[in-house]
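Colleague: Model the structure of this input:
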Amino acid sequence: MIRIQNIYYMLSYAFQILKEGGYTSCAAEEFENTADLLSAILTKGITTQIKRGLVREYKEQHDSLSCIRGKISLSESIKQQSITKQQLVCRFDDFSADSYHNRILKTTLESLLKADIPKQRKKGLRNLLIYFKDIGTLQPHEIDWNLHFNRQNQTYQMLLSICYLVLKGLLQTTSDGSVKMMQFLDEQRMSRLYEKFILEYYRKEHPEIHVSASQIPWALDDGMNFMLPTMQSDIMLSSNEKTLIVDAKYYSRTTQVQYDVHTLHSGNLYQIFTYVKNKAEGGGDVSGMLLYAKTDEVILPDTVYQMSGNKISVRTLNLDCGFSEIAKQLDDIVDEHF
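Modeller: The predicted structure is shown next:
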């Protein structure tokens with residue numbers, strides 16, 4: 001379980017810009033659901049972007065014109081018989097707001113109008129769409145999210161990340177090709193946000209320790225690493241020869257059950273054990289932790305194991321409480337290990 005308000009705090013650490021300017025008012029608002037929260041964030045962000053000016057880019061256009069602009073396309077002019085209308089087909093570059101980034105924004109705004117959000121919120125979205133009247137839209141499932149940013153459009157980075165959460169979490173295509181509403185933010189998307197939140201929380205709130213999401217080298221006898229997978233940690237905390245590797249897990253169930261017997265997810269335990277043992281080969285005091293988002297299950301993991309000379313702990317993080325309590329839980333982990 002997670003409070004809607006806490007999703008805002010998680011996003012604010014994942015995207016530090018949310019702690020600035022007009023976004024801070026979101027912390028005091030009450031939201032009906034996650035779609036409502038993300039609509040509020042986008043409304044504030046896009047409003048700010050409109051004041052700055054929507055990013056424009058040069059796009060090649062061709063049209064029949066009475067006055068020559070750019071290059072004349074003689075073959076097209078003859079084909080379309082535009083000369084009879086005293087026009088010529090011209091090819092020219094137009095400095096247009098109809099960019100791919102802006103199309104994603106418009107597509108997201110229109111998609112949110114179908115969501116279960118308050119009428120007043122939808123009114124705000126419609127007011128924003130007025131500024132996008134000359135901008136096209138995209139099919140949500142066909143959007144290429146491999147986006148590039150530069151100095152001109154870097155303010156779009158957070159906005160388009162929110163758009164990604166909206167469009168990936170809000171819409172689901174059915175077998176007949178129609179689009180229906182689905183439960184907002186599935187387990188996979190929440191898992192990524194959960195990992196990013198914990199990593200950025202420690203980076204921001206605990207400058208006294210080194211925080212990273214480092215790769216762990218395999219401890220090999222002969223150096224042969226052909227076809228070995230990369231060991232990529234979620235969160236690695238280090239200070240004074242001590243290291244804690246945190247594997248953040250956001251699951252609907254924190255344990256696996258067979259014949260009414262609850263056990264840890266075996267793959268998770270094998271993974272964190274492998275990370276710890278390979279990291280420990282490089283020296284220092286290395287421990288590991290599986291940190292699950294707390295669910296409403298009756299039986300929850302809360303155990304510390306000593307395995308081959310290293311400590312492996314399994315615990316849950318309660319997200320269904322005030323954010324100050326969430327922060328205390330994360331701070332306690334640092335206090336206990338460092």
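
Colleague: I'd like the distance from G309 to A14, if you could.
Modeller: According to C-beta to C-beta, to the nearest Å, G309 stands 35 Å off from A14. In short, each C-beta sits where N, CA and C put it, glycine included.

Colleague: Comparing the two, which residue is more hemmed in?
Modeller: A14 (20 against 10; other C-beta atoms under 10 Å).

Colleague: what's that one in contact with, if anything?
Modeller: 193, 196-197, 200 (C-beta atoms under 8 Å, 6 or more residues apart in numbering).

Colleague: so what's it closest to, chain neighbours aside?
Modeller: Using C-beta to C-beta, 6 or more residues apart in numbering and skipping residues adjacent in sequence, the residue nearest A14 is K196, 4.3 Å away.

Colleague: Which parts of this protein are helices?
Modeller: With DSSP state H as the criterion, the chain has helices at 4-14, 34-52, 74-80, 100-112, 119-129, 156-170, 187-205, 266-280, 323-337.

Colleague: By mean pLDDT, show me the worst of these.
Modeller: Comparing mean pLDDT across the helices of the chain, the weakest is helix 74-80, with a mean of 72.

Colleague: The nearest residue to T316 once chain neighbours are set aside - how many residues pack around it?
Modeller: Spatial nearest neighbour of T316, chain neighbours left out: K294 (3.9 Å); criterion: C-beta to C-beta, 6+ apart. K294 has 20 neighbours, counted by other C-beta under 10 Å.

Colleague: likewise Y131?
Modeller: Neighbourhood size, Y131 [other C-beta under 10 Å]: 17.

Colleague: Which residues are in contact with it?
Modeller: By C-beta under 8 Å, 6+ apart, the contact set of Y131 is 50, 54.

Colleague: Go again with 6 Å.
Modeller: I50 (C-beta atoms under 6 Å, 6 or more residues apart in numbering).

Colleague: from the contacts of A14, which is closest to A327?
Modeller: F197 (11.2 Å; C-beta to C-beta).

Colleague: H265 versus the closest one, what's the distance?
Modeller: In terms of C-beta to C-beta, F197 sits 21 Å off from H265.

Colleague: more neighbours, those two?
Modeller: Comparing F197 with H265 by other C-beta under 10 Å, the one with more neighbours is F197, at 24 against 18.

Colleague: How about the more buried one: what's its closest non-neighbour residue?
Modeller: In space, F197 is closest to M10, 3.9 Å off (C-beta to C-beta, 6+ apart).

Colleague: ok, that neighbour touching E195?
Modeller: No. Using C-beta atoms under 6 Å as the test, M10 is too far from E195 to be in contact (10.3 Å).

Colleague: Kindly reformat the helices of the chain as JSON lines and extend each row with distance to D247.
Modeller: JSON lines is the format used below for these (distance: least, C-beta to C-beta, whole Å):
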{"stretch": "helix 4-14", "distance to D247": "18"}
{"stretch": "helix 34-52", "distance to D247": "25"}
{"stretch": "helix 74-80", "distance to D247": "60"}
{"stretch": "helix 100-112", "distance to D247": "32"}
{"stretch": "helix 119-129", "distance to D247": "37"}
{"stretch": "helix 156-170", "distance to D247": "22"}
{"stretch": "helix 187-205", "distance to D247": "9"}
{"stretch": "helix 266-280", "distance to D247": "5"}
{"stretch": "helix 323-337", "distance to D247": "13"}
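
Colleague: Nearest approach to G136 belongs to which of those?
Modeller: Of all the helices of the chain, the one in closest proximity to G136, counting by C-beta to C-beta, is helix 100-112 (5.3 Å).

Colleague: Which secondary structure elements does the closest one sit against?
Modeller: helix 119-129, helix 156-170 (3 or more C-beta pairs under 6 Å, 6 or more residues apart in numbering; DSSP states H and E).

Colleague: Backbone dihedrals for M227, both of them.
Modeller: phi 70, psi 10 (degrees, to the nearest 10).

Colleague: Can you give me the distance of it to W218?
Modeller: 11 Å.

Colleague: More neighbours: the two, which one.
Modeller: Neighbour totals were compared for M227 and W218, and W218 leads with 14 against 5 (other C-beta under 10 Å).
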